[in-house]
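**Q** Quick one, fold the following:
(2 chains)
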Amino acid sequence: MTRSHPSLWRRFLQSIPLQAAAIGLLASSVAALSWTAAPSLLATLDWSIYDFWTTYRPMQPPDQSIVIVTRDPAAEELFGSGTWDRAVLAGFVMAAHEAGAAAIGLDHQLSRASPAQRGGPASDALFEEAIRTVPALILATAKADAPLLFDMARVGHLAVQADPDRVVRSLPASAVTETAGPFAIVLYQTSQGATAPITTGSNVLIHYTGDGTLKALPTLDASAVWGAIEQRDAERLSQWFGGKAVVFAVDPAGPDVALLPTGQSAPPLVVHLHALAMLLSAGSLTASSTAVRVVLTLALTGSMAALLLSRKRAAGLISATGVLLLYLPSAVGALAWFHLVVPIATPVFGGLLVLIGTTVWTHLTTHQRVRLMEQDMLRLQQEASAVREALVLHETRTETLQDDLAAARGAAAESAGQQEALVRTAEQLRLQLAGVQSEEEEARSRLAELERQLHSLRAAAMEPVVLGDAELERLQDECRRLGIISQDPALLTLYRDLKKGARAPLTVLLLGEPGTGKELFARAVHRLSPRSDKTFIAVNMAAISPDLFESELFGHTKGGFTGATSDRRGYFELADHGTIFLDEIGDLRLDHQSKLLRVLQEKSFYRVGATRPTTVDVRIVAATNRDLQRGVSEGWFREDLYFRLTGLVFRLPPLRERTGDIPLLAAAFLTDIARQLGRPMPSLSNDAVQALTSHEWRGNVRELRHCLEQAVALTDGLLIGKDSLRLDRGAATGLGRGKGTPLLPEPAGDAAVLACLRRHAFDMQATARALCWDRSTVTQRLKGLCFQALVESDGDHAKAALVIAGDPSHQRVVELKLMDYHGHLLSVIEPYASADEALAGCKRRFKNLADRHFAHVETLVRRYFASRAEGGRGAS
Amino acid sequence: MRQPGLGPCVLLGAMLIAACPSLAQQAEEPGTPAEDSSPEHENLAPPPVPALEEQVLPDLLPEEQPDPILLLGELRGAVRSAPDRVDERFKLAQTLYQLGDLDAALDECRAALALAPETARGHVQLGVLLMAKQDWRSAGAAMKEAVRLDPELAQAHYALGTIHYSLGNSKAAIEAYRRAIDLHPDFPDARYRLALVLKVTNQYQEAARLMEEAAEGGVGQAQYFIGNAYRQGQGVSKDLARTIYWWTRASQFGQVRAEEALSHLRRQALTRDEHDRRRGEARDAFRRYREGLWELYPGTGRPDTDASLGVTLLAEGRADEAVPILLAEAYALSGPAHEAVARLYEHGEDGRVQPFDPRLRRYLETMASDGSVPAKKAAARMYGLGLGVSRDPQKAKAFLKGLPKQEVTAVLDEISASSRNP
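**A** Next up, the predicted model:
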């Protein structure tokens, strides 16, 4: 899938909202599905706040618009302990009706005829007349579809909605039919004079009064009511029942008992009575609809996932947990103030799943994201490099055109006759110049955009650099155990990333200048990997004889070649199940590169002379101080091998970028050297430390150690001074430390200009802005320096470019410029027959060059003509 | 095996009466001439007291029963001395039933039936005992056995109707009651029961017809229900005057619900809200009821439309007939009748009507509580002056509470004067 839709996968991995939405949706779905596994537990959790609130909220006085007549011992003495005679019930109903009750509810099952001992048909007939006389009479039936003795009776069923944890919190709307709705709702509608059919969209959530039992509601004893009826005490009956919803709960309690959220239990009738009291007092609760539940759950889980993905680990965890914890008091508030019951179980469970799942997801995809980021960086670097090259060409072309224009103008001034033609030429040149300048501007803006992207990518990649002190100390200790001495946060962060990457089976590429500790880090990768108890083989690719390359790396069989007197295992076999460190991989020949690529791809190779392949399981760690990317672009390094090696890429900083480590390293080296020499450990004077710190250290840590070894050997005392270090003063001072070049003379201003050029990556315009010069002035200065470097490097473009660039990363740019300058020079002098004539022409064309630089031009010109003359003699 | 004689039949009759409340009630009611019990729908005469002989089957009439305890001893002795005597065992079972020992009664009945299993009435007796035990299925089986042995046994069909209804089988109950009526057409209680079952199964017209027949037969509850039917127009045309007629008859049989219903109707008629539609309807109904009373005495001259039949009869010296008529008219809100009753209560009528007659006192108190102002004043006088009752001025004042001052001043003055000169 990732292969077939790499762009989709890349886009998904790079989009936090998409990942958050997916994780939220997945967690919500799992949380919703978990209801099928543990419905009771989740129902209890889901309603926990409602249950808690119902149980512990302040007691409210019962609503006085409802009165419930209940059985009492005295009434049972009168009418028996079983079901009462329907004639008695009719008497109650008629009395309540005449007393002005708004609605009358009667808990009585009207499914069967009265037996003879309970009045028989006479009582049934009286009851039928009561039903006919009192339209506001609602009978409670156990079920909505229970049979009725009299079809004109209005009934309400006593069905209740038990949640999976068996607690009754609502009345079922699903049991509403055309003829019978929930008893509480039918009675409520009757008391309100509503004649519309019962329509309830969802289950009716009950707001229980008190502890949810019958005692919490206003009740009257049936015997007292009967006494008033017999005494014809209309005033008292009217006081009791007038305008109220009256319910006669006089049937013996049935076997059905509902478990209430308060922990009490009560018959279904009582549940309906509480619902009725709730409706009459307009204190209804609202349960969240399915849509609201889904939205809330997705919002909570999605926001938590987004926080976890977008913030750093601890901050994300804290903020996501905070959101989850904030949800609970919000739910309490919604219930207490808005009477809205929001879901708990699914969002909270989904939130917990998000906490776990997002952490797991982050771990699982870290390597992929790093890899994608590296690929992006590589792509951008390549693009930037290409654009930079184009820019150099444009700049150079511009400068050349400017020179040509100046020359043309000069010629025009000299020759009036040729003026017109020359003006046309000048005009054409001006147009070309404008076009080239426009392209240059375009390239420049493109470069700026690419660099901005690269910068943001690097910033994203470097985001975890910020480490706490404790973390730094811990990493420092770990590094020290692995022989890496540093307190530099950048290097420690690199170590931390390397430690994480070491656990994965990815190929590791270590980049860095010589002496930056590539092998040390390669060993660290091995020791931190699951292969730490296996073999670590370090191979210097530059040191292997090209003829023995295959034999050394892959081994040979007896008789595989002349001199192969026995079977021999190669480095790859020796490193089987372990790690092989391929140092100086950039120095590998192209044919060897292809052989190595095969091993990396297939994990198998043929020993020299073998007919069957040997398969190995080897972790590859490669290192080089060369620019492999440039090698790819220049063709001396295979691109496929390059991508195969760049599983995890770490660039080890040069010592000059972590000068804070120099005193630490110096102390460690001095201790080690003294121990080796059997001498007491010397110490460094302050100025020595200062000098060490300010030195460029092109050989990095290795050079530092050699310097200290030399100093210890040449110093008799225990204090090593600045002079004992024998550091090159010129290299340590001057403009742009580390960027000076011993090959170059140091006339006034050249070093400053060169340093400025290096600081601005040889961007002429930026350098000119920084120096407040004209760009052409900077160009002329660089051109002169390039000619000087060419002279001093005997025409070796690469060497000269490196001298000017100072940093290998700028070498390519400088080389391009240098080649162009030199090419231009050659194009100018080529038409001339002699060096002197050419020099005269050059005087005109390079008139803005400083004299000291023109001297180098002269040297180059004379060398050119000398070589041309030699070439001519050779040909003749 | 000996066959049972008349004894079990008589006992069975007594048990059926005990099992059927209306029959038991009727047995306690005073009798009225038999000719009054014939159906006369247009006749709104005062309620005739039904003759007991017409309410139950002749062979179910109870005999004069000796003391049950003494009888029990005798019967136990007789059964011990002659265990095979079926009659004695049935009698013993009946006595035990009367004393409430149902299990022992069942044992004896079963023992008797074991001796004479083909005795239909014995099975009826067993069925009745089982009905008392609320063992409806066993009772039904016993009754069906009785019917098998004697298909003409109306009592068995009647009891089967009750059993079927108790078991929830209204259709079978109707059939059983119809069969009982077919076998014994002069069986008002069966008609009443059948009418009830028809009523609760929405067969109102036939129910009303049978109910009225039962009411004519003297079944008090039927009179109440047919009154209700006329009030609600259930199976008959609405006729509030006939409602008053039947409720009045039922109340004279001690039907409390009928009394309460009448009282309620009187309150409606006596309400002070002149715009109340029900007030006018009730007053008109009472007037038509009073006019209907004149038709009972076609030969009696009616001086004017407001004249009281009772006063006329009293004037003619027919005091025995006049008092019930006067009371009926007075209960039906007749002013002249009320004045006559109040006068009769205080003074009597030439020895034929004694002063302070309890029937008249009850009338005054009832009407006073129903809101009749003249009755309130008369009752206040009665208690204020101690006329036939202990003198109780507080109670007298309570009767006058709420009345306009000008109306009660004379009565209060009289009571005050009486208290000053006892």
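
**Q** Now for B:Gly305, how many residues are close by?
**A** Wrong residue type there; residue B:305 is Thr, not Gly. Burial of B:Thr305 is recorded as 9 neighbouring residues (other Cβ atoms under 10 Å in any protein chain shown). (Glycine included, C-beta is placed from N, CA and C.)

**Q** roughly how far apart are the closest residue in space to it that isn't next to it in sequence and chain A?
**A** With Cβ to Cβ, 6 or more residues apart in numbering or on different chains as the measure, B:Glu291 is the residue that lies nearest to B:Thr305, at 7.9 Å, once sequence neighbours are left out. Spatial separation of B:Glu291 from chain A under the definition Cβ to the nearest Cβ, to the nearest Å is 28 Å.

**Q** B:Ala340 too?
**A** Per Cβ to the nearest Cβ, B:Ala340 is found 27 Å from chain A.

**Q** So B:Ala195 sits against B:Leu210, correct?
**A** Yes. Counting by Cβ atoms under 8 Å, B:Leu210 is a contact partner of B:Ala195 at 3.8 Å.

**Q** who's more crowded, those two?
**A** Neighbour tally, B:Ala195 and B:Leu210, criterion other Cβ under 10 Å: the higher count belongs to B:Ala195, 31 against 28.

**Q** And the more buried one, which helix or strand is it part of?
**A** Following DSSP states H and E, the helix or strand that holds B:Ala195 is helix B:188-200.

**Q** Now do the phi/psi pair for A:Ser529.
**A** Torsion angles at A:Ser529 (phi, psi; degrees, to the nearest 10) stand at phi -90, psi 170.

**Q** Please identify the helix or strand for the residue nearest to B:Thr305.
**A** B:Glu291 belongs to helix B:277-294 when assigned by DSSP H and E.

**Q** same deal with A:Leu510?
**A** Judged by DSSP H and E, A:Leu510 forms part of strand A:508-511.

**Q** could you dump whatever helix or strand comes next after that strand to CSV, C-alpha only?
**A** Using DSSP H and E, the helix or strand that follows strand A:508-511 in sequence is helix A:518-528. What follows is helix A:518-528, C-alpha atoms only, in CSV (Å, rounded to 0.1, in the frame of the first residue of the first chain):
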residue,chain,number,x,y,z
LYS,A,518,32.8,8.4,13.0
GLU,A,519,34.1,5.0,14.0
LEU,A,520,33.3,5.8,17.7
PHE,A,521,29.7,6.5,16.7
ALA,A,522,29.6,3.4,14.5
ARG,A,523,30.7,1.3,17.5
ALA,A,524,28.0,3.1,19.5
VAL,A,525,25.4,2.1,17.0
HIS,A,526,26.5,-1.5,17.3
ARG,A,527,26.5,-1.4,21.1
LEU,A,528,23.2,0.2,21.3
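
**Q** Next, the angle from the very next helix or strand once past helix A:518-528 to helix A:518-528.
**A** Next along the chain after helix A:518-528, taking DSSP H and E as the criterion, comes strand A:536-540. The directions of strand A:536-540 and helix A:518-528 differ by 160 degrees, with axes from the mean of the first three to the mean of the last three Cα atoms, to 10 degrees as the criterion.

**Q** and strand A:536-540, average pLDDT?
**A** Across strand A:536-540, pLDDT averages out at 90.

**Q** helices or strands next to that strand in the packing?
**A** Taking 3 or more Cβ pairs under 8 Å, 6 or more residues apart in numbering or on different chains; DSSP states H and E as the contact definition, the neighbouring helices and strands of strand A:536-540 are helix A:518-528, helix A:571-574, strand A:579-583.

**Q** neighbouring strands for that strand, and are they parallel or not?
**A** Using DSSP bridges, strand A:536-540 pairs in its sheet with strand A:579-583 (parallel).

**Q** So which residues make contact with the next helix or strand after the partner strand?
**A** Under the assignment DSSP H and E, the closest C-terminal helix or strand after strand A:579-583 is helix A:590-602. By Cβ atoms under 8 Å, 6 or more residues apart in numbering or on different chains, the residues outside helix A:590-602 that reach it are A:507, A:541, A:546, A:549-550, A:553-554, A:572, A:582, A:588, A:605, A:616, A:620, A:636-638, A:640-641, A:644-645.

**Q** What subset of those is buried?
**A** Those of the contacts of helix A:590-602 that meet the buried threshold are A:507, A:541, A:549-550, A:553-554, A:572, A:582, A:588, A:605, A:616, A:620, A:636-638, A:641, A:644-645, by 16 or more other Cβ atoms under 10 Å in any protein chain shown.

**Q** Counting only strands, which of these make the cut?
**A** Where the buried ones among the contacts of helix A:590-602 overlap with strands, as defined by DSSP state E, the overlap consists of A:Leu582, A:Phe605, A:Ile620.
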